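Novice: what's the 3D shape of this:
(one chain, ligands or ions: 1)
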Amino acid sequence: MSAPNKSYDPVEVEALKPEEIERMRDEALAAFAAADSLDALQEAKVAHTGGTSPLSLANREIGALPPHAKAEAGKRVGMARGAVSKAFAARQAELEAERDARVLVEEAVDVTLPYDRTPAGARHPLTTLSERIEDVFVAMGYEVAEGPEVEAEWFNFDALNIGPDHPARGMQDTFFVQGPKGRETESNVVLRTHTSPVQIRSMLDREPPVYVICPGRVYRSDELDATHTPVFMQVELLAVDEGLTMSDLKGTLDHMVQALFGEGMTTRLRPNFFPFTEPSAEMDMVCYVCRGESVGNPDRPCRTCSSEGWIELGGCGMVNPKVLTAAGIDPEKYSGFAFGFGIERMLMFRHNVEDMRDMVEGDVRFTRPFGMEI
Ligand code: DAH
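Specialist: Prediction:
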(Lines give C-alpha, C1' and ligand atoms only; values in the text may rest on other atoms or scores of the structure.)
Protein backbone atom coordinates (compact mmCIF):
# COMPACT_ATOMS: atom_id res chain seq x y z
CA MET A 1 0.00 0.00 0.00
CA SER A 2 1.39 3.43 -0.84
CA ALA A 3 1.74 5.87 2.04
CA PRO A 4 -0.25 9.13 1.90
CA ASN A 5 1.59 11.83 0.04
CA LYS A 6 2.28 14.29 2.82
CA SER A 7 4.47 16.67 0.85
CA TYR A 8 1.77 17.41 -1.74
CA ASP A 9 2.84 19.36 -4.74
CA PRO A 10 -0.06 20.01 -7.13
CA VAL A 11 2.36 20.44 -10.01
CA GLU A 12 3.50 16.86 -9.57
CA VAL A 13 -0.05 15.42 -9.89
CA GLU A 14 -0.31 16.35 -13.54
CA ALA A 15 -3.20 14.03 -14.19
CA LEU A 16 -5.53 15.94 -11.88
CA LYS A 17 -5.04 19.38 -13.38
CA PRO A 18 -8.39 20.81 -14.58
CA GLU A 19 -7.20 21.18 -18.15
CA GLU A 20 -5.92 17.58 -18.13
CA ILE A 21 -9.25 16.26 -16.88
CA GLU A 22 -11.05 18.36 -19.50
CA ARG A 23 -8.74 16.99 -22.19
CA MET A 24 -9.41 13.42 -21.11
CA ARG A 25 -13.16 14.08 -21.07
CA ASP A 26 -13.10 15.75 -24.48
CA GLU A 27 -11.04 12.95 -25.98
CA ALA A 28 -13.57 10.43 -24.70
CA LEU A 29 -16.49 12.46 -26.08
CA ALA A 30 -14.71 12.82 -29.43
CA ALA A 31 -14.00 9.09 -29.57
CA PHE A 32 -17.65 8.28 -28.86
CA ALA A 33 -18.83 10.73 -31.45
CA ALA A 34 -16.42 9.23 -34.00
CA ALA A 35 -17.52 5.63 -33.31
CA ASP A 36 -19.61 4.66 -36.34
CA SER A 37 -20.74 1.28 -35.10
CA LEU A 38 -21.77 -0.32 -31.84
CA ASP A 39 -18.57 -2.40 -31.88
CA ALA A 40 -16.41 0.69 -32.36
CA LEU A 41 -18.32 2.42 -29.57
CA GLN A 42 -17.68 -0.53 -27.29
CA GLU A 43 -13.93 -0.29 -28.00
CA ALA A 44 -13.96 3.45 -27.29
CA LYS A 45 -15.77 2.78 -24.03
CA VAL A 46 -13.10 0.35 -22.85
CA ALA A 47 -10.35 2.80 -23.87
CA HIS A 48 -11.91 5.82 -22.12
CA THR A 49 -13.71 4.42 -19.10
CA GLY A 50 -12.03 1.04 -18.51
CA GLY A 51 -9.71 0.28 -15.59
CA THR A 52 -6.60 1.51 -17.41
CA SER A 53 -8.19 4.55 -19.07
CA PRO A 54 -6.67 7.99 -18.26
CA LEU A 55 -9.75 9.04 -16.28
CA SER A 56 -9.69 5.89 -14.12
CA LEU A 57 -5.98 6.33 -13.50
CA ALA A 58 -6.56 9.99 -12.57
CA ASN A 59 -9.35 8.93 -10.22
CA ARG A 60 -6.91 6.70 -8.42
CA GLU A 61 -4.56 9.59 -7.87
CA ILE A 62 -7.15 11.42 -5.78
CA GLY A 63 -6.33 9.31 -2.79
CA ALA A 64 -2.82 10.73 -2.75
CA LEU A 65 -4.00 14.34 -2.41
CA PRO A 66 -4.15 16.24 0.90
CA PRO A 67 -7.66 16.35 2.32
CA HIS A 68 -8.44 19.92 1.29
CA ALA A 69 -7.61 19.22 -2.37
CA LYS A 70 -9.41 15.86 -2.52
CA ALA A 71 -12.93 17.23 -2.64
CA GLU A 72 -12.29 19.57 -5.52
CA ALA A 73 -10.32 17.04 -7.55
CA GLY A 74 -12.94 14.39 -6.80
CA LYS A 75 -15.67 16.66 -8.01
CA ARG A 76 -13.78 17.48 -11.18
CA VAL A 77 -13.03 13.88 -12.03
CA GLY A 78 -16.53 12.78 -11.04
CA MET A 79 -18.14 15.36 -13.30
CA ALA A 80 -15.89 14.41 -16.18
CA ARG A 81 -16.70 10.73 -15.71
CA GLY A 82 -20.40 11.53 -15.48
CA ALA A 83 -20.25 13.50 -18.73
CA VAL A 84 -18.39 10.66 -20.39
CA SER A 85 -20.86 8.03 -19.32
CA LYS A 86 -23.82 10.20 -20.41
CA ALA A 87 -22.17 10.78 -23.78
CA PHE A 88 -21.65 7.04 -24.12
CA ALA A 89 -25.29 6.27 -23.36
CA ALA A 90 -26.48 8.93 -25.79
CA ARG A 91 -24.23 7.69 -28.60
CA GLN A 92 -25.22 4.11 -27.90
CA ALA A 93 -28.91 5.00 -28.16
CA GLU A 94 -28.21 6.80 -31.44
CA LEU A 95 -26.29 3.89 -32.95
CA GLU A 96 -28.92 1.37 -31.81
CA ALA A 97 -31.68 3.42 -33.41
CA GLU A 98 -29.66 3.60 -36.64
CA ARG A 99 -29.12 -0.16 -36.57
CA ASP A 100 -32.82 -0.87 -35.95
CA ALA A 101 -33.86 1.39 -38.80
CA ARG A 102 -31.36 -0.31 -41.10
CA VAL A 103 -32.52 -3.83 -40.11
CA LEU A 104 -36.13 -2.84 -40.74
CA VAL A 105 -35.24 -1.84 -44.27
CA GLU A 106 -32.79 -4.66 -45.01
CA GLU A 107 -34.98 -7.44 -43.63
CA ALA A 108 -38.32 -6.13 -44.80
CA VAL A 109 -40.66 -8.77 -46.25
CA ASP A 110 -42.80 -7.70 -49.14
CA VAL A 111 -46.05 -9.44 -48.35
CA THR A 112 -47.48 -8.39 -51.68
CA LEU A 113 -44.98 -10.46 -53.69
CA PRO A 114 -46.60 -13.43 -55.51
CA TYR A 115 -46.31 -16.71 -53.57
CA ASP A 116 -44.65 -19.22 -55.85
CA ARG A 117 -45.11 -22.35 -53.77
CA THR A 118 -48.85 -22.80 -53.98
CA PRO A 119 -49.27 -26.58 -53.80
CA ALA A 120 -50.79 -27.82 -57.02
CA GLY A 121 -53.23 -30.05 -55.14
CA ALA A 122 -54.06 -33.50 -56.34
CA ARG A 123 -56.97 -35.51 -57.58
CA HIS A 124 -58.50 -37.74 -54.97
CA PRO A 125 -57.01 -41.25 -55.22
CA LEU A 126 -60.51 -42.77 -55.23
CA THR A 127 -61.30 -40.81 -58.38
CA THR A 128 -58.02 -41.83 -59.95
CA LEU A 129 -58.52 -45.50 -59.13
CA SER A 130 -62.12 -45.46 -60.30
CA GLU A 131 -61.05 -43.93 -63.62
CA ARG A 132 -58.32 -46.53 -64.05
CA ILE A 133 -60.87 -49.26 -63.63
CA GLU A 134 -63.16 -47.54 -66.14
CA ASP A 135 -60.26 -47.27 -68.60
CA VAL A 136 -59.61 -51.01 -68.41
CA PHE A 137 -63.20 -51.68 -69.48
CA VAL A 138 -63.54 -48.84 -71.96
CA ALA A 139 -60.52 -50.38 -73.72
CA MET A 140 -62.58 -53.59 -74.04
CA GLY A 141 -65.52 -51.76 -75.58
CA TYR A 142 -67.60 -51.13 -72.42
CA GLU A 143 -69.54 -47.91 -71.91
CA VAL A 144 -69.45 -45.87 -68.69
CA ALA A 145 -72.99 -45.62 -67.26
CA GLU A 146 -74.30 -43.59 -64.36
CA GLY A 147 -77.44 -43.44 -62.27
CA PRO A 148 -78.85 -41.19 -59.55
CA GLU A 149 -77.68 -41.40 -55.95
CA VAL A 150 -81.20 -40.70 -54.72
CA GLU A 151 -82.90 -43.75 -56.16
CA ALA A 152 -86.36 -45.28 -56.35
CA GLU A 153 -86.75 -48.35 -54.14
CA TRP A 154 -87.92 -50.25 -57.17
CA PHE A 155 -84.53 -49.83 -58.92
CA ASN A 156 -82.49 -50.27 -55.76
CA PHE A 157 -84.36 -53.37 -54.54
CA ASP A 158 -87.44 -54.78 -56.32
CA ALA A 159 -86.08 -54.93 -59.86
CA LEU A 160 -82.98 -56.63 -58.46
CA ASN A 161 -85.10 -59.39 -56.94
CA ILE A 162 -84.67 -58.02 -53.43
CA GLY A 163 -88.19 -58.52 -52.11
CA PRO A 164 -89.89 -56.41 -49.44
CA ASP A 165 -88.79 -58.86 -46.71
CA HIS A 166 -85.11 -58.87 -47.63
CA PRO A 167 -82.90 -57.76 -44.73
CA ALA A 168 -81.12 -55.21 -46.98
CA ARG A 169 -84.33 -53.16 -46.90
CA GLY A 170 -84.24 -52.89 -43.13
CA MET A 171 -83.53 -49.62 -41.39
CA GLN A 172 -80.05 -50.72 -40.30
CA ASP A 173 -78.64 -50.52 -43.83
CA THR A 174 -80.67 -48.08 -45.84
CA PHE A 175 -81.12 -44.34 -45.67
CA PHE A 176 -84.75 -43.77 -46.57
CA VAL A 177 -85.67 -40.43 -48.04
CA GLN A 178 -88.59 -38.80 -46.25
CA GLY A 179 -91.85 -38.40 -48.12
CA PRO A 180 -94.03 -35.26 -48.12
CA LYS A 181 -95.55 -34.04 -44.86
CA GLY A 182 -98.18 -36.42 -43.49
CA ARG A 183 -96.88 -39.23 -45.74
CA GLU A 184 -93.29 -39.27 -44.48
CA THR A 185 -92.87 -43.04 -44.84
CA GLU A 186 -94.31 -43.22 -48.33
CA SER A 187 -91.62 -41.74 -50.56
CA ASN A 188 -90.36 -45.09 -51.90
CA VAL A 189 -87.08 -43.29 -52.41
CA VAL A 190 -83.73 -44.20 -50.83
CA LEU A 191 -80.08 -43.20 -51.03
CA ARG A 192 -78.88 -46.04 -53.22
CA THR A 193 -77.18 -48.75 -51.16
CA HIS A 194 -75.22 -50.11 -54.12
CA THR A 195 -74.51 -49.39 -57.78
CA SER A 196 -76.55 -52.41 -58.94
CA PRO A 197 -79.65 -50.29 -59.78
CA VAL A 198 -77.56 -48.82 -62.61
CA GLN A 199 -77.70 -52.33 -64.13
CA ILE A 200 -81.48 -52.02 -64.44
CA ARG A 201 -81.33 -48.45 -65.77
CA SER A 202 -78.69 -49.47 -68.34
CA MET A 203 -80.75 -52.40 -69.58
CA LEU A 204 -83.92 -50.28 -69.83
CA ASP A 205 -82.02 -47.57 -71.73
CA ARG A 206 -80.38 -49.86 -74.29
CA GLU A 207 -81.05 -52.74 -76.58
CA PRO A 208 -78.83 -55.75 -75.90
CA PRO A 209 -75.97 -56.40 -76.20
CA VAL A 210 -75.22 -54.26 -73.12
CA TYR A 211 -71.68 -53.77 -71.85
CA VAL A 212 -71.46 -51.14 -69.10
CA ILE A 213 -69.17 -50.18 -66.26
CA CYS A 214 -70.86 -48.07 -63.58
CA PRO A 215 -68.78 -46.29 -60.94
CA GLY A 216 -70.52 -44.27 -58.27
CA ARG A 217 -71.15 -43.22 -54.72
CA VAL A 218 -73.37 -45.36 -52.48
CA TYR A 219 -74.77 -44.93 -48.96
CA ARG A 220 -75.34 -47.16 -45.97
CA SER A 221 -76.23 -46.21 -42.43
CA ASP A 222 -72.87 -47.19 -40.93
CA GLU A 223 -70.78 -45.25 -38.44
CA LEU A 224 -67.59 -43.68 -39.78
CA ASP A 225 -64.64 -45.62 -38.35
CA ALA A 226 -61.36 -47.12 -39.53
CA THR A 227 -63.07 -49.76 -41.68
CA HIS A 228 -66.55 -48.31 -42.38
CA THR A 229 -67.89 -45.19 -43.95
CA PRO A 230 -71.54 -44.33 -44.57
CA VAL A 231 -70.62 -42.97 -48.03
CA PHE A 232 -68.38 -45.03 -50.24
CA MET A 233 -67.73 -45.86 -53.88
CA GLN A 234 -68.52 -48.95 -55.85
CA VAL A 235 -67.89 -50.09 -59.38
CA GLU A 236 -70.51 -52.23 -61.03
CA LEU A 237 -70.08 -54.14 -64.23
CA LEU A 238 -72.79 -55.61 -66.41
CA ALA A 239 -72.54 -57.57 -69.63
CA VAL A 240 -75.65 -58.89 -71.39
CA ASP A 241 -75.33 -60.71 -74.67
CA GLU A 242 -76.19 -63.95 -76.38
CA GLY A 243 -74.34 -66.95 -75.04
CA LEU A 244 -72.45 -65.36 -72.14
CA THR A 245 -71.34 -67.88 -69.53
CA MET A 246 -69.56 -67.97 -66.19
CA SER A 247 -66.26 -68.50 -68.01
CA ASP A 248 -66.68 -65.09 -69.69
CA LEU A 249 -67.13 -63.61 -66.24
CA LYS A 250 -64.02 -65.37 -64.96
CA GLY A 251 -61.92 -64.28 -67.94
CA THR A 252 -63.12 -60.69 -67.56
CA LEU A 253 -62.21 -60.66 -63.87
CA ASP A 254 -58.76 -62.12 -64.55
CA HIS A 255 -58.13 -59.51 -67.21
CA MET A 256 -59.18 -56.73 -64.82
CA VAL A 257 -56.84 -57.78 -62.00
CA GLN A 258 -53.98 -58.21 -64.46
CA ALA A 259 -54.58 -54.75 -65.89
CA LEU A 260 -54.76 -53.19 -62.43
CA PHE A 261 -52.22 -55.22 -60.48
CA GLY A 262 -49.85 -56.72 -63.02
CA GLU A 263 -49.02 -59.84 -65.01
CA GLY A 264 -49.84 -63.23 -63.63
CA MET A 265 -52.67 -62.11 -61.32
CA THR A 266 -55.70 -64.39 -61.15
CA THR A 267 -59.05 -64.55 -59.40
CA ARG A 268 -61.03 -67.32 -57.78
CA LEU A 269 -64.77 -67.62 -57.25
CA ARG A 270 -66.40 -68.95 -54.07
CA PRO A 271 -70.09 -69.88 -53.96
CA ASN A 272 -72.29 -67.23 -52.39
CA PHE A 273 -75.81 -65.86 -52.65
CA PHE A 274 -77.10 -62.59 -54.10
CA PRO A 275 -80.76 -62.18 -55.08
CA PHE A 276 -79.85 -60.56 -58.40
CA THR A 277 -77.42 -63.22 -59.65
CA GLU A 278 -77.79 -66.96 -60.10
CA PRO A 279 -75.40 -68.61 -59.60
CA SER A 280 -73.60 -66.07 -57.39
CA ALA A 281 -70.05 -65.97 -56.17
CA GLU A 282 -67.65 -64.08 -53.99
CA MET A 283 -64.56 -63.12 -55.98
CA ASP A 284 -61.04 -63.08 -54.57
CA MET A 285 -57.81 -62.07 -56.24
CA VAL A 286 -54.36 -63.48 -55.58
CA CYS A 287 -52.60 -61.28 -53.02
CA TYR A 288 -50.58 -58.94 -55.19
CA VAL A 289 -47.96 -58.47 -52.46
CA CYS A 290 -46.98 -62.06 -51.61
CA ARG A 291 -48.66 -63.74 -54.62
CA GLY A 292 -49.71 -66.53 -52.29
CA GLU A 293 -46.20 -67.31 -51.08
CA SER A 294 -47.01 -66.44 -47.47
CA VAL A 295 -49.49 -69.30 -47.18
CA GLY A 296 -48.09 -71.92 -44.77
CA ASN A 297 -44.82 -70.03 -44.72
CA PRO A 298 -44.37 -68.46 -41.26
CA ASP A 299 -40.98 -67.00 -42.29
CA ARG A 300 -42.71 -64.77 -44.84
CA PRO A 301 -45.90 -63.45 -43.23
CA CYS A 302 -47.96 -61.06 -45.38
CA ARG A 303 -49.82 -58.15 -43.79
CA THR A 304 -51.86 -57.39 -46.89
CA CYS A 305 -53.67 -60.75 -47.06
CA SER A 306 -53.01 -61.90 -43.46
CA SER A 307 -51.04 -64.77 -45.05
CA GLU A 308 -54.17 -66.16 -46.69
CA GLY A 309 -52.85 -65.68 -50.23
CA TRP A 310 -56.14 -64.20 -51.43
CA ILE A 311 -57.82 -60.82 -51.07
CA GLU A 312 -61.61 -60.55 -51.22
CA LEU A 313 -62.74 -58.11 -53.91
CA GLY A 314 -66.54 -58.26 -54.10
CA GLY A 315 -69.54 -60.13 -55.45
CA CYS A 316 -70.40 -61.44 -58.90
CA GLY A 317 -72.48 -63.93 -60.78
CA MET A 318 -74.73 -64.61 -63.77
CA VAL A 319 -77.58 -62.10 -63.93
CA ASN A 320 -80.72 -63.69 -62.46
CA PRO A 321 -83.30 -64.28 -65.25
CA LYS A 322 -85.86 -62.48 -63.06
CA VAL A 323 -83.69 -59.39 -63.21
CA LEU A 324 -83.37 -59.59 -66.99
CA THR A 325 -87.13 -59.92 -67.22
CA ALA A 326 -87.71 -56.93 -64.89
CA ALA A 327 -85.53 -54.89 -67.25
CA GLY A 328 -87.42 -56.07 -70.34
CA ILE A 329 -84.81 -58.48 -71.66
CA ASP A 330 -85.73 -61.98 -72.80
CA PRO A 331 -83.79 -64.45 -70.61
CA GLU A 332 -84.36 -67.21 -73.17
CA LYS A 333 -82.31 -65.29 -75.70
CA TYR A 334 -79.82 -63.40 -73.58
CA SER A 335 -77.70 -64.12 -70.57
CA GLY A 336 -75.52 -61.78 -68.58
CA PHE A 337 -72.86 -61.54 -65.94
CA ALA A 338 -72.27 -58.84 -63.38
CA PHE A 339 -69.95 -57.91 -60.59
CA GLY A 340 -69.61 -55.15 -58.04
CA PHE A 341 -67.02 -54.12 -55.51
CA GLY A 342 -65.99 -51.27 -53.25
CA ILE A 343 -63.19 -49.00 -54.37
CA GLU A 344 -62.17 -47.87 -50.86
CA ARG A 345 -61.22 -51.42 -49.96
CA MET A 346 -59.17 -51.77 -53.14
CA LEU A 347 -57.42 -48.46 -52.44
CA MET A 348 -56.71 -49.64 -48.89
CA PHE A 349 -54.89 -52.79 -49.84
CA ARG A 350 -53.38 -51.35 -53.02
CA HIS A 351 -51.75 -48.45 -51.14
CA ASN A 352 -51.60 -49.68 -47.54
CA VAL A 353 -54.13 -47.11 -46.36
CA GLU A 354 -55.03 -48.24 -42.86
CA ASP A 355 -57.84 -45.89 -41.93
CA MET A 356 -60.88 -45.23 -44.12
CA ARG A 357 -61.42 -41.86 -42.45
CA ASP A 358 -58.30 -40.59 -44.23
CA MET A 359 -60.16 -41.04 -47.51
CA VAL A 360 -63.18 -38.95 -46.57
CA GLU A 361 -61.74 -36.15 -44.47
CA GLY A 362 -60.47 -34.18 -47.46
CA ASP A 363 -57.04 -33.42 -45.98
CA VAL A 364 -54.63 -32.59 -48.82
CA ARG A 365 -51.79 -34.19 -46.85
CA PHE A 366 -53.46 -37.50 -47.65
CA THR A 367 -54.19 -36.88 -51.31
CA ARG A 368 -50.96 -35.07 -52.25
CA PRO A 369 -48.65 -38.12 -52.24
CA PHE A 370 -50.93 -39.69 -54.85
CA GLY A 371 -50.31 -36.39 -56.62
CA MET A 372 -49.31 -36.44 -60.19
CA GLU A 373 -51.01 -39.62 -61.32
CA ILE A 374 -53.53 -38.73 -63.99
N1 DAH B 1 -74.52 -55.04 -55.04
C2 DAH B 1 -73.74 -55.88 -54.18
C3 DAH B 1 -73.41 -55.17 -52.87
O4 DAH B 1 -73.43 -53.99 -52.84
C5 DAH B 1 -72.45 -56.30 -54.84
C6 DAH B 1 -72.67 -57.17 -56.02
C7 DAH B 1 -72.71 -58.53 -55.86
C8 DAH B 1 -72.84 -56.63 -57.27
C9 DAH B 1 -72.89 -59.37 -56.93
C10 DAH B 1 -73.03 -57.46 -58.37
C11 DAH B 1 -73.07 -58.83 -58.16
O12 DAH B 1 -73.20 -57.00 -59.60
O13 DAH B 1 -73.26 -59.65 -59.26
O14 DAH B 1 -73.12 -55.80 -51.92
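Novice: quick one, domains of this structure?
Specialist: 10-106, 125-370 (automatic domain parsing).
Novice: Is the spatially closest residue to Gln92 that is not a sequence neighbour in a helix, a strand, or coil?
Specialist: Using C-beta to C-beta, 6 or more residues apart in numbering and skipping the chain neighbours, the partner closest in space to Gln92 is Leu41 (6.1 Å). To be clear about C-beta, it is placed using only N, CA and C from the backbone, and glycine gets the same treatment. Assigned with DSSP: H, G, I helix; E, B strand; the rest coil, Leu41 falls in the helix class.
Novice: how near is Leu41 to Arg123?
Specialist: Computed with C-beta to C-beta, to the nearest Å, the distance linking Leu41 and Arg123 is 61 Å.
Novice: Looking at those two, which has the bigger crowd around it?
Specialist: Leu41 (20 against 14; other C-beta atoms under 10 Å).
Novice: contacting residues for the more buried one?
Specialist: Applying C-beta atoms under 8 Å, 6 or more residues apart in numbering to Leu41 gives the contacts Phe32, Ala35, Phe88, Arg91, Gln92, Leu95.
Novice: tally of neighbours for the residue nearest to Pro275 when sequence neighbours are not counted?
Specialist: Here the nearest residue to Pro275 in space, its sequence neighbours aside, is Asn161; by C-beta to C-beta, 6+ apart that works out to 4.2 Å. Neighbour count for Asn161, taken as other C-beta under 10 Å: 18.
Novice: And for Met140?
Specialist: Neighbours of Met140 using other C-beta under 10 Å come to 14.
Novice: Please look at Ile329 and Ser202 and confirm they touch.
Specialist: No - Ile329 is not in contact with Ser202 according to C-beta atoms under 8 Å; the separation is 10.7 Å.
Novice: and stretch 269-289, which residues are buried?
Specialist: For stretch 269-289, a neighbour-count test (16 or more other C-beta atoms under 10 Å) marks 269, 274-277, 280-289 as buried.
Novice: Glu308 versus Lys203, what's the distance?
Specialist: To be clear, residue 203 is Met; Lys isn't right here. 36 Å.
Novice: Next one, pLDDT for Leu57 please.
Specialist: For Leu57, the model assigns a pLDDT of 85.
Novice: hang on, I meant Met171
Specialist: Here the pLDDT value assigned to Met171 is 64.
Novice: buried set for the longest helix seen in the chain?
Specialist: Using DSSP state H, we find that the single longest helix of the chain is helix 67-106. Within helix 67-106, the residues scored as buried using 16+ other C-beta under 10 Å are Ala73, Arg76, Val77, Ala80, Arg81, Val84, Ala87, Phe88, Arg91, Gln92, Leu95.
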